[in-house]
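Undergrad: Got a sequence here, can you build the structure:
(one chain, ligands or ions: 1)
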Amino acid sequence: MENILIVYSTCDGQTRKICQKIKWVTEEMGHDVKMVSIDDWFREDLGEFDKIVVGASIRYGKHNKKVIDFVVQNKKLLEDKFSAFFSVNVVARKASKNAPENNPYLKRFLSQVSWRPDQVAVFAGKIDYQKYGLLDRMIILLIMYLTKGPTNQNAVVDYTNWEQVENFGRVIGEKAKRK
Ligand SMILES: Cc1cc2nc3c(=O)[nH]c(=O)nc-3n(C[C@H](O)[C@H](O)[C@H](O)COP(=O)(O)O)c2cc1C
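TA: Numbering: from 1, shown residues only. Coordinates of the predicted model:
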């Protein structure tokens, strides 16, 4: 049994939902798993955990700056332990951008932090127009129009491949630190 911490950054809840799935999968494997928002990570004693997973969504081309700060501040600790990172964004709904090697946000994130997680993943997120304020809705509408996504303003489309999330959870539960 290992202690696993999942640190997440979410705006509309999809990344938290993905973390809950990873938590469920790893708990089923017998691990002790805790989830914490990026706003509260400092309340945790990171040294107590065997594995640390970080998940963050993209908004207007960027991960939350607090996630970058967290990684920079705790880089040594993250590298001493088994660590994993995943990014959630809607460009990942396209096959040409749904892998760590071809997703522009994941690639940029890793180049920004020089942290080498043992495991990385990209998950496609969710579009839910009615959750957005007017300006955000108009901008997402335009982006979806340009990239051939849903443009019905009542659309709720969950692009997340939940099987892929489960597999990622299983790898986290099973894998040992890369030597
Ligand atoms: C205001 C806004 C801006 C977004 N900007 C981007 C973007 O630049 N690139 C992208 O791939 N996805 C973008 N998305 C899609 C989100 O990454 C996606 O909805 C994801 O599921 C959000 O996860 P969260 O609910 O955990 O924050 C944006 C979504 C919103 C609402």
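Undergrad: any idea of the mean pLDDT for the longest helix belonging to the chain?
TA: Once the chain is assigned using DSSP state H, the helix that runs over the most residues is helix 14-28. Mean pLDDT, helix 14-28: 98.
Undergrad: quick one: strands adjacent to the following helix or strand past that helix?
TA: Of the helices and strands lying after helix 14-28 in sequence (DSSP states H and E), the nearest is strand 32-37. Counting by DSSP bridges, the strands paired with strand 32-37 are strand 3-9 (parallel).
Undergrad: How far does the strand it pairs with sit from its chain's centre?
TA: Taking the mean of its C-alpha atoms, strand 3-9 sits 10 Å from the chain's own mean (C-alpha atoms, centre = their mean, to the nearest Å).
Undergrad: ok, and what's touching that strand?
TA: The contact list for strand 3-9, computed with C-beta atoms under 8 Å, 6 or more residues apart in numbering, reads 15-16, 19, 22-23, 26, 31-38, 41, 44, 46, 48-57, 63-64, 66-67, 70, 172-173. Every C-beta, even on glycine, is put in place using the N, C-alpha and C of the backbone.
Undergrad: One more: stretch 124-138?
TA: By C-beta under 8 Å, 6+ apart, the surrounding residues in contact with stretch 124-138 are 12, 14-15, 57-58, 88-90, 92-93, 98, 140-141, 144, 149-150, 152-161.
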